[in-house]
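Trainee: Here's a sequence, model it:
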Amino acid sequence: MNLKEKLSDKVFKMVGDVADNISRPCYVVGGYVRDLIIERHSKDIDFVTVGSGIELAEAVASRLGPKAHVAVYRNYGTAQLHCGNLELEFVGARKESYRRDSRNPIVEDGTLEEDLSRRDFTINALAISVNADSYGELIDMFGGMADIEKRLIRTPLDPDITFSDDPLRMMRAIRFATQLGFNIYPETLRAITRNAHRIEIITAERIKDELSKIMRSPKPSIGWELLHITGLLKYILPELEALRGVEVVNGRGHKDNFYHTLTVLDTVAASSDKEWLRWAALFHDIAKPVTKRYDAQNGWSFHNHNFVGAKMIPRIFSRMRLPLGAEMRYVQKLVELHMRPIALVEDEVTDSAVRRLINYAEEDLNDLMTLARADITSKNEAKKQRYLDNFDLVERKFDDIRAKDFERNRKNPIDGNEIMHIFGLHQSPLVGYFAKNLKQAIKDCEIEDTREASLEYLYKLAREKGVEVVNPPADNDDTDNGDIQKN
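Mentor: Residues are numbered from 1 along each chain as shown. Below you'll find the model as predicted:
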């Protein structure tokens with residue numbers, strides 16, 4: 001592999017030239033090198049020098065001129081600067097040691113080998129020289145290139161020490177395996193299992209960041225299954241772990257809801273890159289363990305698991321440090337509504353039922369249908385196709401109902417002026433109350449959108465408010481009017 005050609009961007013030659021001028025060896029290291037080799041896009045570049053990384057960063061910034069801004073983090077011995085759309089980070093080679101009760105290392109100056117050995121995985125322990133006399137030369141002290149070719153995630157040193165020192169690396173191993181489609185080396189995987197309990201010293205925020213990257217991967221189920229296999233899942237999301245397994249009573253069992261959930265998640269991910277829709281897929285059956293019941297006549301049931309699941313979401317989001325605003329409410333809504341489309345196709349698909357679903361889901365209707373389609377995981381292909389065909393019918397109904405409702409919602413069957421005339425009112429909040437409630441009753445399918453039904457509804461509101469009909473419409477002289485006037 002010709003790394004000189006791959007390392008063609010002028011920024012590398014410029015950094016190398018500055019390093020040569022101050023007599024410093026300098027290397028591109030870590031994820032950028034890995035991504036360069038596997039031809040994966042990366043814009044963040046890490047440089048290591050033997051000596052002060054801050055001093056090198058300031059020299060590079062001086063070369064770039066006033067347009068370069070350096071952010072210095074002296075406590076960590078690092079500096080960052082932006083160059084166009086690239087972010088460059090400079091650090092001096094270092095070695096680290098850890099206390100068992102903390103993931104914060106004790107950092108000391110070190111050699112390049114010591115620096116690379118402290119990296120999490122061999123595929124991230126590669127370096128490329130940018131100095132003129134060795135430009136493009138690959139430094140691979142731990143077999144990183146071979147592991148890239150074998151598509152393996154493996155630690156440079158003893159994995160028990162690596163994961164005990166910094167337990168977040170267990171999450172990173174699973175995240176890289178998910179993102180890259182690599183396998184975790186068997187001994188590395190066993191070490192994660194042995195050290196899984198150490199994840200408890202990692203903050204929820206750091207874990208959340210890794211989980212978000214797993215969820216944005218092409219096939220997120222890889223990560224969640226690895227979290228289960230290694231024993232990490234019970235510490236991170238015990239509610240999901242509780243979905244696993246099949247209980248059998250009198251020869252009757254239910255499906256494994258954990259693996260069903262992962263299938264739904266991957267199906268959603270294959271059709272949408274919306275992260276929060278993927279979280280909704282992960283959580284859609286989260287309440288099945290707490291709602292599971294067995295009945296000798298009907299077998300297993302999970303009644304109201306959608307409603308119970310929606311109520312569980314705020315607590316889970318808070319504990320996992322997931323956002324508690326619009327994203328949480330969106331996931332809650334989809335978890336609560338995910339059974340509605342399938343219930344709709346099991347019954348007669350009426351206009352009123354479709355309209356209610358449209359009104360509940362609002363702008364998230366298409367995402368709800370994506371989740372509902374993914375939720376059909378039956379191995380009975382004929383049954384599965386029947387449901388999907390019915391979903392097609394429902395979605396055609398959506399279009400029909402929206403077209404009808406567009407016309408209907410342009411104007412109430414009875415407007416504010418006629419309300420004032422019928423009840424002898426002047427412009428007032430009471431007129432607005434009648435008009436607003438009439439419109440909402442039609443929208444919520446409480447009444448038909450006809451003039452007759454609207455008058456009957458208004459008379460009902462009038463009785464509740466103690467308002468008399470003063471000018472009953474000539475085309476609706478019924479007993480209900482008279483009753484109102486008598487009262």
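Trainee: how near is the spatially most central residue of the chain to residue 158?
Mentor: For the chain, the residue lying nearest the average C-alpha position, counting by Cα atoms, centre = their mean, turns out to be residue 275 (3.2 Å). From residue 275 across to residue 158, the span is 35 Å (Cβ to Cβ, to the nearest Å). C-beta here means a position set from N, CA and C on the backbone, and glycine is covered the same way.
Trainee: now residue 396
Mentor: 61 Å.
Trainee: go on, residue 276?
Mentor: Residue 276 is 39 Å from residue 158, by Cβ to Cβ.
Trainee: does residue 15 really touch residue 130, like I thought?
Mentor: Yes: Residue 15 is in contact with residue 130 according to Cβ atoms under 8 Å; the separation is 5.6 Å.
Trainee: joint contacts of those two?
Mentor: Common neighbours of residue 15 and residue 130 (criterion: Cβ atoms under 8 Å, 6 or more residues apart in numbering): 26, 47.
Trainee: Pull up the gap between residue 270 and residue 389, please.
Mentor: Distance from residue 270 to residue 389, by Cβ to Cβ: 20 Å.
Trainee: And for residue 282?
Mentor: 27 Å.
Trainee: What of residue 162?
Mentor: In terms of Cβ to Cβ, residue 162 sits 52 Å off from residue 389.
Trainee: the more surrounded of the two?
Mentor: residue 162 (24 against 10; other Cβ atoms under 10 Å).
Trainee: Now do the contacts for the more buried one.
Mentor: So residue 162 contacts 120, 155, 156, 169, 191 (Cβ under 8 Å, 6+ apart).
Trainee: Verify the contact between the residue nearest to the centre of the chain and residue 216 for me.
Mentor: Yes: Residue 275 is in contact with residue 216 according to Cβ under 8 Å; the separation is 5.7 Å.
Trainee: In stretch 47-55, which of the residues would be classed as buried?
Mentor: 47, 48, 49, 50, 51, 52, 53, 54 (16 or more other Cβ atoms under 10 Å).
Trainee: Can you tell me which of those end up in strands?
Mentor: 47, 48, 49 (DSSP state E).
Trainee: So the first one is in contact with residue 30, correct?
Mentor: No: the pair residue 47 / residue 30 is not scored as a contact, 9.6 Å apart, by Cβ under 8 Å.
Trainee: Could you give the average pLDDT over stretch 391-404?
Mentor: Confidence for stretch 391-404, expressed as mean pLDDT, is 78.
Trainee: who has more neighbours, residue 276 and residue 158?
Mentor: Each of residue 276 and residue 158 has its neighbours counted (other Cβ under 10 Å); residue 276 has more, 18 against 12.
Trainee: Quick check, the more buried one in contact with residue 329.
Mentor: No: taking contacts as Cβ under 8 Å, residue 276 lies outside contact range of residue 329: 10.0 Å.
Trainee: Now list whatever residues contact both of residue 275 and residue 216.
Mentor: Joint contacts of residue 275 and residue 216 (Cβ under 8 Å, 6+ apart) do not exist.
Trainee: quick revisit: so which of the ones in strands among the buried residues of stretch 47-55 would you say is closest to residue 239?
Mentor: residue 48 (41.6 Å; Cβ to Cβ).
Trainee: residues in contact with the closest one?
Mentor: Per Cβ under 8 Å, 6+ apart, neighbours of residue 48: 26, 27, 29, 91, 92, 93, 112, 115, 127.
Trainee: Look up the closest residue to residue 52, ignoring the ones flanking it.
Mentor: residue 92 (5.4 Å; Cβ to Cβ, 6 or more residues apart in numbering).
Trainee: Bridge partners for that neighbour, pull those for me.
Mentor: residue 49 (DSSP bridges).
Trainee: any idea how far it lies from residue 436?
Mentor: Counting by Cβ to Cβ - residue 92 and residue 436 are separated by 68 Å.
Trainee: Looks to me like residue 294 is in a strand.
Mentor: Yes: read with DSSP: H, G, I helix; E, B strand; the rest coil, residue 294 is one of the residues of a strand.
Trainee: Near the closest residue to it other than its chain neighbours, how many other residues are there?
Mentor: Excluding its sequence neighbours, the residue lying closest to residue 294 (Cβ to Cβ, 6+ apart) is residue 249, at 5.0 Å. Residues contacting residue 249 under the criterion other Cβ under 10 Å number 12.
Trainee: Wait, residue 249 touches residue 293, no?
Mentor: No: using Cβ under 8 Å, residue 249 is not in contact with residue 293; the gap is 10.6 Å.
Trainee: which residues are common contacts for the two?
Mentor: Going by Cβ under 8 Å, 6+ apart, residues that sit against residue 249 and also against residue 293 are residue 300.
Trainee: so can I have JSON lines of the contacts of residue 162 showing neighbour count?
Mentor: Formatted as JSON lines, the contacts of residue 162 follow (neighbours: other Cβ atoms under 10 Å):
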{"residue": "120", "neighbour count": "20"}
{"residue": "155", "neighbour count": "24"}
{"residue": "156", "neighbour count": "21"}
{"residue": "169", "neighbour count": "23"}
{"residue": "191", "neighbour count": "23"}
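Trainee: For this protein, give the helix that spans the most residues.
Mentor: helix 381-409 (DSSP state H).
Trainee: for the protein, which spans come out with low pLDDT?
Mentor: 1-8, 96-108, 250, 253, 346-349, 403-411, 474-487 (pLDDT under 70).
Trainee: please redo it, this time with the cut-off set to 50
Mentor: 476-487 (pLDDT under 50).
Trainee: Which of the helices or strands spans residue 88?
Mentor: strand 86-92 (DSSP states H and E).
Trainee: Could you name the helices and strands sitting against that strand?
Mentor: helix 10-21, strand 44-49, helix 53-64, strand 78-83 (3 or more Cβ pairs under 8 Å, 6 or more residues apart in numbering; DSSP states H and E).
Trainee: Next, the buried residues of it.
Mentor: Buried residues in strand 86-92 (16+ other Cβ under 10 Å): 88, 89, 90, 91, 92.
Trainee: out of those, which one sits closest to residue 43?
Mentor: Nearest to residue 43 among these, with distances taken as Cβ to Cβ, is residue 88, at 10.1 Å.
Trainee: close enough to count as contact, the closest one and residue 56?
Mentor: No: in this structure residue 88 lies outside contact range of residue 56 using Cβ under 8 Å: 10.2 Å.
Trainee: any shared contact partners between the two?
Mentor: In contact with both residue 88 and residue 56: 15, 47, using Cβ under 8 Å, 6+ apart.
Trainee: Where do the strands of the stretch 151-300 of the chain begin and end?
Mentor: 152-153, 183-184, 248-249, 252-253, 293-295, 299-301 (DSSP state E, counting those that start in this stretch).
Trainee: okay, these in TSV with distance to residue 444 next?
Mentor: Shown next, in TSV, are the strands of the stretch 151-300 of the chain (distance: least, Cβ to Cβ, whole Å):
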stretch	distance to residue 444
strand 152-153	53
strand 183-184	52
strand 248-249	41
strand 252-253	40
strand 293-295	32
strand 299-301	29
